[in-house]
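Visitor: Have a look at this prediction, sequence included:
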Amino acid sequence: MVRDFDPGRLGASVSEIFREIDEELRRENLLKLWSRYGRYIIVAAVLLVLLAGGIVAWIDYQAKERRAQGARYSAALSLARQGKEAEAAKLFAQLAREGGGYSVPGAFEEAELLARSGDRKGAIAAYDRLAASSGLDREFRDLALLLSVMHGLSDGDPKAAIERLAPLTGKDGPWRASALDLTAAAKLKAGDRAGALQIYQQLADDTSVPRGLRARAAEMAAALKS
C-alpha cells in the first residue's frame, strides 16, 4: 500500500539539506580564511597578550614608585623635624627632580629649608624655578612667585618687587590679599607711605580678607595715619 505523500515532510528534508550545505560552505570558507590568515591572527593575539602584560607591569611599577616617593617624602619631613635640614633638603631636591606626585611639594619644601638655613639666594632661585614652570597650576606658580618676592624684599629692589607682585593683586588672584600686603611693605621700603597706607586701609576694609591679615593691616594703617 502506497503511503500518502506528505509535502511538509519533504519541505523539512529539503531545508535540512540546504542548512547542511550552508554549514559546509561556511566551514570551508573558515578553513580557507584560517589557512590564509591564521598566522596573523596568532601573532595579533600574542601581541595583545604582551601589550596587556606590559600595561599591567607599568601600572604596578608606577604604584611602587609612588609608594617609594611617599616613603622618601615622609623620611625627609622626619629629618627636617629632627633639625637635619641639609639631609632633608637633599631628599626634597631629589623628589623635585624625579617628577611625579611628590615633585611639587618636594620643591617647595626644599626652597623653604634653604631659606630657613640662611641660603636665601638658593631659596629664591628654587621659588623662581617653580614660578616659571609652565607645567604647574596657576595657584602654585603664584605662590612660588609670592614667596620668592617675600624672601628677596629685604635686600632687593622694592620697585622690582612691586612690579612682580602686580599680576597677583587682581581680583581673581588666589593669593591676592597676601600679594597686596607684601606690595604695601615694598611701597613702605620705597618711601611711598601714602601708597602703603592706601593698600593697608583697603585690606582692613575688605571682609573677604582673612581676619588675621585684616587686623594687621588695620594696625599698620593706624600707625601710618599717626
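Guide: Sure thing, it's come through.
Visitor: looking at this protein, which helix or strand is least sure?
Guide: helix 7-81 (a mean of 62; mean pLDDT, DSSP states H and E).
Visitor: any idea which helix or strand comes after that one?
Guide: helix 85-98 (DSSP states H and E).
Visitor: what does stretch 127-134 contact?
Guide: Stretch 127-134 is contacted from outside by 104, 107-108, 111, 136, 140-142, 144-145, 147-148, 151, using C-beta atoms under 8 Å, 6 or more residues apart in numbering. The way it works is simple: take the backbone N, C-alpha and C, and place the C-beta from them, glycine included.
Visitor: My error: substitute stretch 148-162 in the last question.
Guide: Stretch 148-162 is contacted from outside by 115, 120, 123-124, 127-128, 131, 164-165, 182-183, 185-187, 189-190, using C-beta under 8 Å, 6+ apart.
Visitor: And for stretch 205-224?
Guide: So stretch 205-224 is contacted by 177, 178, 181, 184, 193, 196, 197, 199, 200, 201, 203, 204 (C-beta under 8 Å, 6+ apart).
Visitor: Return a PyMOL selection command for the buried portion of the contacts of stretch 148-162.
Guide: For the buried members of the contacts of stretch 148-162, the matching PyMOL selection, counting by 16 or more other C-beta atoms under 10 Å, is:
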select buried, resi 115+120+123+124+127+128+131+164+165+182+183+185+186+187+189
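Visitor: In helices, which of the contacts of stretch 148-162 appear?
Guide: 115, 120, 123-124, 127-128, 131, 164-165, 182-183, 185-187, 189 (DSSP state H).
Visitor: Please report the distance of residue 179 from residue 215.
Guide: Going from residue 179 to residue 215 by C-beta to C-beta, to the nearest Å gives 18 Å.
Visitor: Of those two, which one has the most company?
Guide: residue 179 (23 against 13; other C-beta atoms under 10 Å).
Visitor: Assign the more buried one to helix, strand or coil.
Guide: The three-state label given to residue 179 by DSSP: H, G, I helix; E, B strand; the rest coil is helix.
Visitor: mind starting the numbering at 24 from now?
Guide: OK, 24 is where the count begins now, so the last one is residue 202.
Visitor: mind listing what it touches?
Guide: Counting by C-beta under 8 Å, 6+ apart, residue 202 makes contact with 165, 169, 188, 191, 192, 196.
Visitor: Run a quick neighbour tally on residue 167.
Guide: By other C-beta under 10 Å, the residues close to residue 167 number 23.
Visitor: Could you measure from it over to residue 95?
Guide: From residue 167 over to residue 95 the distance is 22 Å, taken as C-beta to C-beta.
Visitor: For burial, what's the neighbour tally of residue 186?
Guide: Number of residues near residue 186 (other C-beta under 10 Å) recorded here: 13.
Visitor: hmm, I was thinking of residue 240
Guide: Residue 240: 23 neighbours (other C-beta under 10 Å).
Visitor: repeat for residue 148
Guide: For residue 148, the neighbour count with other C-beta under 10 Å is 13.
Visitor: Equivalent analysis for residue 123, please.
Guide: 15.
Visitor: Next up, phi/psi of it, please.
Guide: Backbone torsions for residue 123, taken as degrees, to the nearest 10, come to phi 90, psi -170.
Visitor: again with residue 176
Guide: phi -70, psi -40.
Visitor: The host helix or strand of residue 223: how far from the chain's middle?
Guide: If you go by DSSP H and E, residue 223 is part of helix 216-228. Remark: helix 216-228 is offset 36 Å from the chain centroid, using C-alpha atoms, centre = their mean, to the nearest Å.
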